[in-house]
Structure formats: structure tokens, C-alpha cells
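1. need a structure here:
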Amino acid sequence: MNQTQAKKGYFGNWGGAFIPEVLHQPFFQLNEAYRKIRADESFWQEYVDLMANYSCRPTPLTFAENLSNHFGGARIYIKREDLNHTGAHKANNVMGQGLLVKRMGKKRVIAETGAGQHGVATATMAARFGFDCTIYMGEEDVARQRPNVFWMEKLGATVVPVTDGARTLKDAINEAFRDWVTSMDETHYVFGTVCGPHPFPEMVAWFQSIIGREARDQILARHKALPAAVYACVGGGSNALGIFQGFMDDDVRLVGVEAGGKGTDTDQHASRMTGTRASAGVAQGYRTMFLQDDDGQMLDTHSIAAGLDYVGISPILAEMGESGRVDFAAATDDEVLKALELTMRAEGIIPALESSHAFVQAFKDAPNMGRDEAIIINMSGRGDKDIFTIAHAFDDPSWKKFIIDRADGYRKSSGG
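-> This is a model prediction of the structure:
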């Protein structure tokens with residue numbers, strides 16, 4: 001990142017802080033608190049110690065021997081963020097923000113969530129630090145990510161289904177901002193990705209950079225050389241920027257993989273950098289590439305992965321794509337399911353549907369590379385959270401029978 005621009009909240013033409021007057025106070029407080037922790041070397045060490053003792057860091061870099069042999073090209077390594085506490089990279093950001101909230105002296109946190117992983121991570125952090133917690137989640141995502149809703153509530157968070165708009169992530173973000181306007185004195189908004197008004201993109205990227213710092217050291221220790229390419233799925237972009245930052249100054253290809261949905265030639269996808277429907281705009285406090293119509297109204301999106309159907313992309317990644325530092329690709333729902341099934345059968349590893357997008361493009365590229373080359377796939381989360389969606393997509397008969405039998409049992413026990 002260009003730090004001169006980042007301090008002003010801009011990355012090339014993207015970013016900024018387009019906020020209403022009523023939010024100037026909390027953003028001023030947040031910027032001051034963030035500036036202080038960035039200047040305090042002890043804060044990063046406190047953060048690293050917390051992640052080591054509470055969240056199982058560093059996460060492993062696993063050599064996927066069977067997949068490497070299957071494709072016959074590059075050696076495939078998988079950065080295992082699924083083994084991070086709560087099952088995804090999301091804990092990196094929320095635990096860092098939790099330490100920040102403690103220093104700010106606030107007692108309540110709010111968050112948005114799409115796939116539910118950020119919601120679970122925030123609820124976990126709130127339980128760890130003793131904060132009150134409210135999570136906003138689109139009604140559609142509540143339905144398809146019910147297990148995560150269950151865990152958020154059991155961890156003590158209040159989950160609020162959002163019924164506005166498309167009832168997905170962008171609508172949850174809008175509702176969280178409305179809450180913050182009325183509760184700013186005691187509340188911190190734990191933004192979940194590298195989007196939104198400054199300083200959120202830079203701050204979240206900083207906390208997530210722990211992924212790339214680890215991965216760079218690990219690949220040099222294991223492979224004795226830098227990778228030829230690094231792959232990550234891209235919704236808002238926090239896991240991608242997390243691992244990309246470890247290789248920004250190296251001759252390493254960085255590949256972000258967006259949600260191709262039913263195809264980028266349809267209106268059923270969430271591809272901002274690879275599709276044809278996105279254009280520059282300002283929404284939710286920042287400027288980036290959004291999926292919007294000619295009047296600036298946000299379009300409905302689609303992805304089999306709830307965490308990738310966001311209408312915008314990180315302003316940092318928009319700049320990196322514009323400059324050519326990051327290559328972007330898209331993976332369709334069908335491709336994602338095939339890559340997921342292959343990874344499960346070949347390695348006994350279950351990537352999240354979001355993460356499986358990165359596997360798709362890596363699998364396309366690996367056979368065309370040399371056996372002496374290595375690639376890294378950032379596995380941003382584990383797929384057990386997606387069991388309902390995956391089982392439905394595979395049309396699994398035994399799962400259907402289980403659901404029907406369980407539903408019948410509930411009806412009988414309730415007298416229905």
C-alpha cells in the first residue's frame with residue numbers, strides 16, 4: 001500500500017471517508033486510536049501474543065501432495081486459515097479490533113456479517129473481552145447460514161435479521177451504520193472487511209497482514225524459494241489482502257478470485273473486477289468499483305458463497321487491480337463445487353465455499369507450471385459451516401432424508 005495515500009484514506013483514485021456529519025466524532029476517535037496503536041510497537045506484540053495463545057497462530061502451510069501429483073505441475077501449498085480460532089481468517093481482524101476497543105474504553109460492539117464467519121468471530125471476541133454484542137445479518141444469509149446464527153446467539157450476541165433490500169451483506173452494513181449513529185458514545189463498529197470509510201480498509205488490512213507475514217516465512221522454510229503465485233478469494237477482500245501483503249514487494253503473481261455465480265455474462269454473479277456490470281461509485285462511505293445500474297442503484301448479486309456476494313470491493317484491491325499488481329479471475333458456482341469435491345477427496349481438507357473459489361483458479365494454472373515452482377492457496381475458512389448449502393447443491397439423498405426425519409421429529413414433539 002502507498003502509505004502516503006493510505007494516511008489520507010485514499011489508494012489511488014479509490015477509498016476516502018464519505019460520512020455524514022453525525023459520524024464525524026466516532027471516526028475522529030477511531031482514527032486517533034488507530035494512529036496511536038500503529039505507533040506503539042508493544043501493541044503489535046500484544047496482538048501476536050493474543051493470537052498465538054487464543055487463536056492457534058501461526059496457522060500451518062500445508063503441502064498438498066496429492067493435489068500436486070494430480071495436476072502434475074506446480075507444488076501446491078495451502079495456507080490453513082480454517083485452523084484459526086472460529087474457523088476462518090476473520091478472527092485476525094476482530095481480535096485486533098477487540099484490543100483496540102479495550103484501549104478506547106467502549107463496552108459494546110456491533111458488526112455486519114454475510115457468511116456468518118465474521119459474526120461468529122465478533123461474538124467470540126465480545127465474549128472473550130466482556131463486551132455487549134449485536135450482529136446485523138441479511139435475512140437471506142440468516143436462512144442459509146443457520147448454524148453460524150446458532151453459535152452467535154449461544155456466544156451471547158444478539159442477531160438482527162435485516163429485511164431491507166436484497167437482505168444480504170450490503171444491507172447488513174447499512175443497518176449497522178444506522179445503529180452506530182444512535183449509539184456511538186458506547187459502541188464500536190467492528191467492520192469485517194477492507195472496505196468502508198477510512199481507516200477501516202487500512203486498519204483491517206493491517207490486522208490481516210499476519211497471514212502474509214507467516215506465509216512468506218513458511219514457504220521460504222519449506223520450499224526454499226518464493227512462490228510463483230498466491231491465490232485468494234475476493235469478496236470485500238480481507239483474506240486476499242491479508243496474504244498478498246506478505247509478497248507485495250516480491251516478483252510473485254497475486255491472483256484474486258471473485259464470485260462468478262451463474263456466469264459473468266449473466267446478472268447472477270458478484271464480479272466487480274472481472275465482470276461487465278461494475279463501475280466507479282461512492283456508497284457506504286467510500287469510493288470503489290460497485291455493481292450498480294446507470295442511476296447508481298446497487299444491483300442484486302449472487303454467489304453460492306454467502307461471503308462473496310458483496311456489491312463492492314476493497315479500495316485497496318481496486319487500486320491494485322487498476323495498476324496491474326493483482327490479477328483477477330472469476331469462478332462459477334459449478335466450478336467451485338467441483339474444486340471443493342476434488343480437494344475433499346484428494347486431501348481430506350474441506351474448504352469453505354468462499355475459499356474454494358481460489359482453488360478453482362489455482363487448479364487451472366497449476367498444470368501449466370513447472371514442478372520446481374510453488375503456489376499458495378489461501379484457504380480462508382473451513383466448509384463445515386456450508387453443510388446445508390453444499391448438501392443441497394450435491395443433491396445428497398441421505399442428507400435429505402436426515403433433514404426430513406429431523407423435521408418430522410420436531411413436528412411430532414411439538415404436537416404439530
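
2. now the strands: where do they sit in the chain?
-> Counting by DSSP state E, the chain has strands at residues 10-11, 14-15, 61-63, 75-80, 108-113, 132-138, 158-162, 187-189, 229-233, 253-261, 278-283, 286-291, 326-332, 374-379.

3. Next, the angle strand 229-233 makes with the longest one.
-> Right, the one you point to is strand 253-261. 30 degrees (axes from the mean of the first three to the mean of the last three CA atoms, to 10 degrees).

4. I'd like the distance from strand 253-261 to the chain centre, please.
-> Relative to its chain's centre, strand 253-261 lies at 13 Å (CA atoms, centre = their mean, to the nearest Å).

5. cool, the last one as well?
-> For strand 374-379, the gap between its own C-alpha mean and the chain's C-alpha mean amounts to 16 Å (CA atoms, centre = their mean).

6. got it, and stretch 396-415?
-> Centre-to-centre, stretch 396-415 and its host chain are 33 Å apart (CA atoms, centre = their mean).

7. If we go by neighbour counts, what in it is buried?
-> Buried residues in stretch 396-415, counting neighbours by 16 or more other CB atoms under 10 Å, are absent. (Glycine included, C-beta is placed from N, CA and C.)

8. and if you look at stretch 234-249?
-> 234-247.

9. sorry, back to before: of the strands of the chain, flag the one that's most buried.
-> The highest mean neighbour count among the strands of the chain, using mean count of other CB atoms under 10 Å, belongs to strand 229-233: a mean of 30.

10. Now tell me what touches stretch 400-407 from outside.
-> Residues outside stretch 400-407 that contact it (CB atoms under 8 Å, 6 or more residues apart in numbering): Ala391.

11. mean confidence for it?
-> Averaging pLDDT along stretch 400-407 gives 93.

12. Give me the nearest residue to Phe207, chain neighbours excluded.
-> Once flanking residues are discounted, Phe207 sits nearest to Gly96: 3.7 Å by CB to CB, 6 or more residues apart in numbering.

13. Burial check on that neighbour, number of neighbours?
-> 26 (other CB atoms under 10 Å).

14. Per-residue pLDDT of it, please?
-> In this model, Gly96 is scored at 98, pLDDT.

15. Kindly report the same for Asn53.
-> For Asn53, pLDDT reads 97.

16. Next one: it from His85, what distance?
-> The gap separating Asn53 from His85 is 10 Å, by CB to CB, to the nearest Å.

17. So which of the two has more stuff around it?
-> His85 (20 against 9).

18. mind listing what the more buried one touches?
-> Tyr54, Ser55, Cys56, Ala91, Thr124 are the contacts of His85 under CB under 8 Å, 6+ apart.

19. What of Thr163?
-> Taking CB under 8 Å, 6+ apart as the test, what Thr163 contacts is Glu139.

20. Next, give phi and psi for it.
-> phi -100, psi 0 (degrees, to the nearest 10).

21. Tell me the spacing between it and His70.
-> For Thr163, the distance to His70 - CB to CB - is 45 Å.

22. do the same with Ala305
-> The value you get for Ala305 to His70, if CB to CB is used, is 23 Å.

23. Same check on Met203?
-> 40 Å.

24. Of those two, give the one with the bigger neighbour count.
-> Legend: neighbour count by other CB under 10 Å for Met203 and His70, higher for Met203 (24 against 17).

25. Wait, the more buried one touches Tyr34, no?
-> Yes. Using CB atoms under 8 Å, Met203 makes contact with Tyr34 at a distance of 5.4 Å.

26. buried sites along stretch 382-400?
-> Quick answer for stretch 382-400 (16+ other CB under 10 Å): Arg382, Gly383, Lys385, Asp386, Thr389, Ile390, Ala391, Ala393.

27. Need the worst-confidence member of those.
-> Looking at the buried residues of stretch 382-400 by pLDDT, the weakest one is Lys385, with 84.

28. residue contacts, Thr264?
-> So Thr264 contacts Ser271, Thr274, Gly275, Thr276, Ala330 (CB under 8 Å, 6+ apart).
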